[in-house]
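> Attaching a predicted model along with its sequence, questions to come.
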Amino acid sequence: MAYWEPIAELGEAPLVRPGSSMGEVTHDIARVTETRAPRGWWMCFLVAVTFTGIFGLCVCYLFYRGVGVWGNTAPVYWAWDITNFVWWVGIGHAGTLISAILFIFRQRWRTAINRFAEAMTIFAVICALIFPGIHVGRVWLLYYVFPIPNQMTVWPNFKSPLLWDVFAVGTYFTVSLLFWYTGLIPDLATLRDRSTSKVRQTVYGFLALGWRGSNRHWQNYERAYLILAAISTPLVLSVHSVVSMDFATSVIPGWHTTIFPPYFVAGAIFSGFAMVETVLLIARTVFKLHRVVLMRHLELMNKFLLLTSLLVGYAYSMEFFIAWYSGNQYEMAHFLVNRPTGPYWWAWAWMIGCNVVVPQLYWSKRLRTSIPVMFVVSILINIGMWF
Amino acid sequence: MQIFPRSLNKLPQVAGAVAAVGLVAVTFFIWYYFSPWFTQVGYSPRQPVPYSHRLHAGQLGLDCRYCHVNVERAPLAMVPPTETCMNCHQLVRTDSKMLDPIRESWATGKPMEWVRIHKLPDYVYFDHSVHVTAGVGCVECHGRIDQMEQVRMEKPLSMGWCIECHRDVRDKQGDSEHIRPVSEMTNMQWIHEGTVKPPRHLDPPENCFGCHR
Amino acid sequence: MTKRAPYPVPAAREPWPGSPKYWQSLEHRGRIDDPEHSDHWAVNAPEFPKGHTDTPPTEEAWQVSRRGLLGAMAATFAVVGAEGCRRPIEKIVPYTRMPEDVIPGVPSHYATVIQRRGDAVGVVVESHEGRPTKVEGNEVQSGSHGAADLVTQATILDLYDPERSTTPRKGGAAASWGDFEGELHAKLAAYEKDGGARLRLLMQPTISPTVLRMRSALVARFPKARAHTWSAVSDSNAREGARIALGQPYNSLFAYDKARVILSLDSDFLQTETGNVRSTRAFANGRRMRTFRDTMSRLYVVEPSRTITGGCADHRLRLAASDVERYAYCLAAELSKSGVPLGAISASVTRLANAEGIPGKWIATVAKELREAKGHALVVVGARQPASVHALAHAVNEALGAPGASLTYTPCADPDETDNATDIKALTDAIAKGEIDGLLILGGNPVYDAPADLSFGDKLAKVPFSVHASLSFDETGERCTWHVPRAHEYESWGDARALDGHVSVQQPLIAPLYGGRSEIELLALVANAPEKGAHEAVRATVRELAFASRGLTGCAPQGEGKLECHDAAGALVPVRAADLERDWNRGLATGVTVKAQPPASSPAARLAEIAAIIDKRRLPPRVGAGALEVTFAPCPKMVDGRHANNTWLQEMPDPVTKLVWDNAAILSPATAQSLGVASKDVLKISVGDRSITAAAWIVPGQADGSIALTLGWGRRKAGRIGDGRGFDAYPLRTVEALGFAPGAQVTKTGDEPYFFAQTQEHNSTEHRPIAMETTLADYRMRPNFAELDSPPPRALPLWSQVDYSKGHQWGMVIDLNACTGCNACVIACMSENNVPVVGKTEVWRGREMHWLRIDRYFVEDPKLGASADEPLIVNQPLACVHCEEAPCENVCPVNATTHGPEGLNEMAYNRCIGTRYCANNCPYKVRKFNYLNWHNDSVWKETGGLPETMQMQQNPNVTVRFRGVMEKCTYCVQRIQSVKIRNQRENREIKDGEIKTACQQTCPAEAIMFGDVNDEGSRVTRWARADRRFGLLSDLGTRPRTTYLGKVRNPNPEMA
């Protein structure tokens, strides 16, 4: 049976509702690339480009003056830069999770969102990679972190978690890219076949790598896809665990915590899903994909958000508990006093509020299925996870 | 309807292979061509006075230390003051056109401006005296100066190159071909045979502070 | 069932009530009792330094101009765009004629001397190819003992100050020396007619025999001319006191190491008083504890405002400066009552003895202590206290048998020097009366620092021909008809007589950078002395002194390099010129030219005269809420303002307040409360009809009702660095009130709170036990008290262990008991290691670059009678401790910081890419990051980067770090390497003490010891075996190479 057919035993509804055919679905989606981009798209694009431009200028100034133009200083020499890095890497995770893990669990509804998610992952990781790049003091020597043979005969320090990051995120990016592209091939072929202009045919044709939809193609495709899924599944867990070790392996109270790896992963999926939802909702409205991205899918995502928010909440409470349980007064100092009451209490408040409190709304089905609510909530979660 | 010729089916494989090979190639290209082995070695600028080491050090057999007096007691071997040239050239070749800048500098007190050839970065603190007194001959780093009409850079003076020698000496001590009797320090023809007794236990640094401060 | 082994975390210092509290500032202290925070978690220090959460003050915030931004973009693109790979041509420029004894790349050292207040500090200056770069103490010279204080260390930067005066000026317009001499000679010829009756000379107090000789030569030429002396910071009162008590203005030379009990009456003898370097060494030696069996001296300090001397006190009484005199009388009365022979004095003091507001213990018990320590007791009086107190102290000291034991009297350098205040008053009056045509001001800056009631500056305009010779074209130079540049001490020949009477020659390190001339040359010019040039003059002086010291007189040259002299008996004594030559050269080499005379039999105190003076005294009114007092003290950094343009000193945290780039009006918490003033409030402080504005800074331990102001700030014409920094206190200072002014009024101006930058709260400790200390009694019971509080780690190290048992293993031990917190080491480190200055705003951001900082903690401990209002102080110098298990090394992704075979934690700047991970992971927070290109992009930004002259100061053997690079203490590896190389070259082993780090070398208290911890015989190993030793945060398992010796206090149980 074809994979889109529902499994009655699981009480699944058909992916393609009666009254609309596969052809229509294809049409709906292909339309997006074939018609001129709607005004909404242009507006979003304009906003994005503007901010990217400003970012570019700021980076120029940063390179010219040095990282001193940021306010950061002792005792914690990292700030905005690494926060962004961690945040973005986290965001990326949802894509992989949706594509790989849900795929392995045969969660068919994922097909509605996985392409968004994967694309989002790629760009999130690219964003993530920017920040470690620009945060170093001498960006022009960044290549020192890569194990390239050199006339100094000096290698990078493989003890350093930062170096582990380099490898972890690098791998993650490559695999995500492959995964995304592989999944894309049949669709590219479809676009090729639908397209009328020679240019589109050539471009899509080239990218489709001569896909003809033969059984053998499908067979290899499924196998390749499964393998990639299998490869990237552990990555979902490993990448952010490694990132968390930047902090976990240090001697700083509040960083030196064994709970970080799972904590970071949970947080990553949490924020990732929120981001996917944000993007999805915009795309859905702009490109009128209501027939493809059904309320049911959104609701499922929200349930997921609720779950992960509980996980994150658990991690927070664990930090508190362990701080107290350890009897280490400096840990206590850190978590029980400085965080909630220190000069940065407001950041802490945002974190707890957005990540633990707000998602509880989703216990109610009405809120869980209301577009405006979920849009606001997803944004709030993204904000909360930044802190 | 066919967009691409059949032959294009090979493209992915070919592209993949080329990419793989190319990547490695580029790495090694940079490794060599961006290193002092390529960028530094062979640097041989024209000097204000075409002073010939071949003539002075080679044929006339002047000892290096006649001009580079501080090599045994200071970090810098020191490029000699005009005075040193004039010691001889007040009597020798007093009419040679080539020596005009020297005589002028002597008369006016305006120093000569030689072009630096053997240059280390500012954050490298190399000390001639400690190397020379350990039995590392001039030729080790400067090559056969005594055969050079116009001095050229023989060795890369790159960090890896320094470290190699340091490691070799640390392991082999007197058996290392880089070590010679201190008496043979300036002897460019000297060849390392058998074991040399170094003036002291040699422990060349390999840590950062050995050269960078 | 298994049992969990808890990780041993040292207890914070909260758990039990009444246990000592350690805090860094009042705000911090405030949080201790704040119910919200005072909890058994023991976290009271704010986690982040000031300025972390606030926004920067707009006036100093960065302005990103459009052009700046465009420039930035352009530059960045330039970086991106491949620049030419061709190697730039670099020139080698050798000498034409090789100078003697210069080996390029090998520094040479010259001994010279610096005048600091009334004492001479011998220094050895390191010089690279003829440019002096570093000042070090001279071990032969007794004023230095091989050490130097922070100001002496910083003088090298004054030499290279880009804003020094570069040319003579007539009425502000540049002129030539020719013009000046022409006009001068014309004028002098005119003055000569009436014997110079209308000619006056104004100089600073001097200890230079040659200057004095030249001065008398001048007076010889102009018999009616008069030489005045003025310095805002002088020992006039002490001299006057000595004159009254002993008949002559003798110098008192205190041997603090021989004393058992020391009482300081408002004397900061460890920092701002004359002879602070020698005093510090002696004091530290008197308190050194090798084992718990040793004894140590006990220091009582009575002072109005906190000084580092007060910080070292075992008992400190905060008392308004105007009450100190009263206290002295009370104490004297008590002493005489208890049988100490004070003769005529006892009556007069008893009459004035009014113990109101003085704790009884401080009279009875202290008197008892002094009496019992007869022969080993000392009473020291501060310069700003009136002469009567000084006189009384002489009597008391004699009665306690100090002279000969722990006190020697030496003849002062300039017997003719009169009381500075009356002297300059006389001068100004004369000017006002129009009696003066010509006034020569050699050095000093009277327009800025003369007593306010004289309004010297305005009167100066009345003098038709006034000449000012000074290093910089300053406030006084502006007002004079002529200004001429003076030569710096490192540029000119001179000499100086130290407190103990020996004379050192000051030899130039470099030709005058801006063609300045020294006092000697200028005086010689005016007096038209026979000697040509300062060198000849100094030699002549030295020869005379040498003869005098051998009791020879009337020496006449007598051919063949012989001289003919007569001894006291009048017999002929031939002297060979060669011998003189030899002595002279030896003197120059060692730094001591004429040995000190054995002290004359110590003069007896003239009790009757002293009594008479005391009887004449009228005690100043008690300070109270209505009538506050303002006290004036020389700034530990600026002295009287002469160093205002020195970036190192500006950025050095004040030893007590930890303020940088500013001074402040110091108030006690109680006073502040009664006035409703908070720190940073801008105050209008007025005495009589004079007033100034100054921002308040509240310091616990300040006497109630007393406001402390340091001098030397608020300069108007010091240069780009010094102008307008801090608050000028001179407008309140009058002839009558040079030390302290009673009857002050304070009002808030209501302006915006002032923007202070201070390092006090950077690096919170969260009450970890860091600076270990205890009392002598407790130390005797628990000799290893320090180690008990810093347990060894139970956790195993993460990575494989290194064997540190072979070869040299460098280590350092710092004795908290000796450290006075004077900050000399900080400046020494800056000048040795090219440490950049970042400027006020950046310090406020917490980005100061000092490799070595001195953490100052207030201690509140009932056991020591130290309450929150009167806390004690403990200082802890902290630089990179070179952990054997360094957290920073593991986390660097590019191996920029690694561990060397000799135990150094090595930082390779050229490998660092600036991820700052190491600094995050450093538990001591001693790593400093170049957020910007500090040298060019901070205080010197407007002038397009670090001035060339200041680049001349930089140490060529230390890399100048670029922006984006992490840096930290290297144990002065350049020194280690140079010694190692020299010894390898000469096949010698390194001897202990051959390598000294900059901080160790300069420490006046000898609190820092560095050496090879593998060498059993080395001093550092011996120190490290001491029972007081502890490792900082050793529970983290970092195994620091720098360890500390706990502080021991010696409180008197009867005082508690």
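Thanks, I have it.

> Which pLDDT does the model give residue 206?
Using chain A. Per-residue confidence for A:F206 comes out at a pLDDT of 85.

> actually it's chain B I care about, not the one you picked
The score at B:E206 is 91. That number is its pLDDT.

> for the residue in the stretch 251-387 of chain A positioned nearest to chain B, what are its contacts?
Nearest residue of the stretch 251-387 of chain A to chain B: A:V251, at 22.8 Å (CB to the nearest CB). From N, CA and C alone the C-beta is placed, and that goes for glycine too. Contacts of A:V251 were listed using CB atoms under 8 Å, 6 or more residues apart in numbering or on different chains, and they are C:P887, C:N921, C:P923, C:L1036.

> hmm, which two among the residues you listed are most spread apart?
Spatial extent of these (CB to CB) is set by the pair C:N921 and C:L1036 at 10.8 Å.

> what residues are shared contacts of these two?
Shared contacts of C:N921 and C:L1036, counting by CB under 8 Å, 6+ apart, come down to A:V251, C:P887.

> State the mean pLDDT of stretch C:107-127.
On average, stretch C:107-127 scores 92.

> okay, how far is it across that stretch, tip to tip?
Stretch C:107-127 has an end-to-end distance of 5 Å (CA to CA, to the nearest Å).

> got it, and stretch C:712-727?
Chord length of stretch C:712-727, first to last residue, is 8 Å (CA to CA).

> Ok, stretch C:499-509 next?
24 Å.

> So what's the gap between that stretch and the chain middle?
How far stretch C:499-509 lies from its chain's middle: 19 Å, per CA atoms, centre = their mean, to the nearest Å.

> Is the helix ranked longest in chain B positioned near chain C?
The longest helix of chain B (DSSP state H) is helix B:11-33. No - using CB under 8 Å from any CB of the partner chain, helix B:11-33 stays clear of chain C, with a minimum separation of 9.9 Å.

> any idea of the mean pLDDT for that helix?
Mean predicted confidence for helix B:11-33 is 88.

> Could you pull out the buried residues of that helix?
Buried residues in helix B:11-33, defined by neighbour count with 16 or more other CB atoms under 10 Å in any protein chain shown: none.

> Just the C-alphas of it, formatted as PDB.
Only the C-alpha atoms of helix B:11-33 are listed here, as PDB (Å, rounded to 0.1, in the frame of the first residue of the first chain):
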ATOM      1  CA  LEU B  11      28.100  14.000 -14.300                       C
ATOM      2  CA  PRO B  12      27.300  13.400 -10.600                       C
ATOM      3  CA  GLN B  13      30.000  10.700 -10.200                       C
ATOM      4  CA  VAL B  14      32.600  12.800 -12.100                       C
ATOM      5  CA  ALA B  15      31.700  15.900 -10.100                       C
ATOM      6  CA  GLY B  16      32.000  14.000  -6.900                       C
ATOM      7  CA  ALA B  17      35.400  12.600  -7.800                       C
ATOM      8  CA  VAL B  18      36.700  16.000  -8.900                       C
ATOM      9  CA  ALA B  19      35.400  17.700  -5.700                       C
ATOM     10  CA  ALA B  20      37.100  15.100  -3.500                       C
ATOM     11  CA  VAL B  21      40.400  15.300  -5.300                       C
ATOM     12  CA  GLY B  22      40.200  19.100  -5.600                       C
ATOM     13  CA  LEU B  23      39.700  19.600  -1.900                       C
ATOM     14  CA  VAL B  24      42.800  17.600  -1.000                       C
ATOM     15  CA  ALA B  25      44.700  19.400  -3.700                       C
ATOM     16  CA  VAL B  26      43.800  22.800  -2.500                       C
ATOM     17  CA  THR B  27      44.700  21.900   1.100                       C
ATOM     18  CA  PHE B  28      48.200  20.800   0.100                       C
ATOM     19  CA  PHE B  29      48.500  23.800  -2.300                       C
ATOM     20  CA  ILE B  30      47.900  26.200   0.500                       C
ATOM     21  CA  TRP B  31      50.100  24.100   2.800                       C
ATOM     22  CA  TYR B  32      53.100  24.600   0.600                       C
ATOM     23  CA  TYR B  33      52.500  27.700  -1.400                       C
END
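
> Quick one: residues in contact with it.
Contact with helix B:11-33 is made by A:I148, A:P149, A:N150, A:Q151, A:L209, B:F38, B:T39, as judged by CB under 8 Å, 6+ apart.

> okay, the contacts of A:V251 in a markdown table with distance to B:Q147, neighbour count and pLDDT next?
Below are the contacts of A:V251 laid out as a markdown table (distance: CB to CB, whole Å; neighbours: other CB atoms under 10 Å in any protein chain shown; pLDDT from 0 to 100):
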| residue | distance to B:Q147 | neighbour count | pLDDT |
| --- | --- | --- | --- |
| C:P887 | 53 | 22 | 90 |
| C:N921 | 54 | 23 | 91 |
| C:P923 | 58 | 20 | 89 |
| C:L1036 | 60 | 19 | 83 |
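
> Report the contact partners of residue 170.
Defaulting to chain A. By CB under 8 Å, 6+ apart, no residues touch A:G170.

> not what I meant, chain C
C:K170 makes contact with C:D179, C:F180, C:E183, C:T481, C:W482 under the criterion CB under 8 Å, 6+ apart.

> And the pLDDT at it?
C:K170 is assigned 93 on the pLDDT scale.
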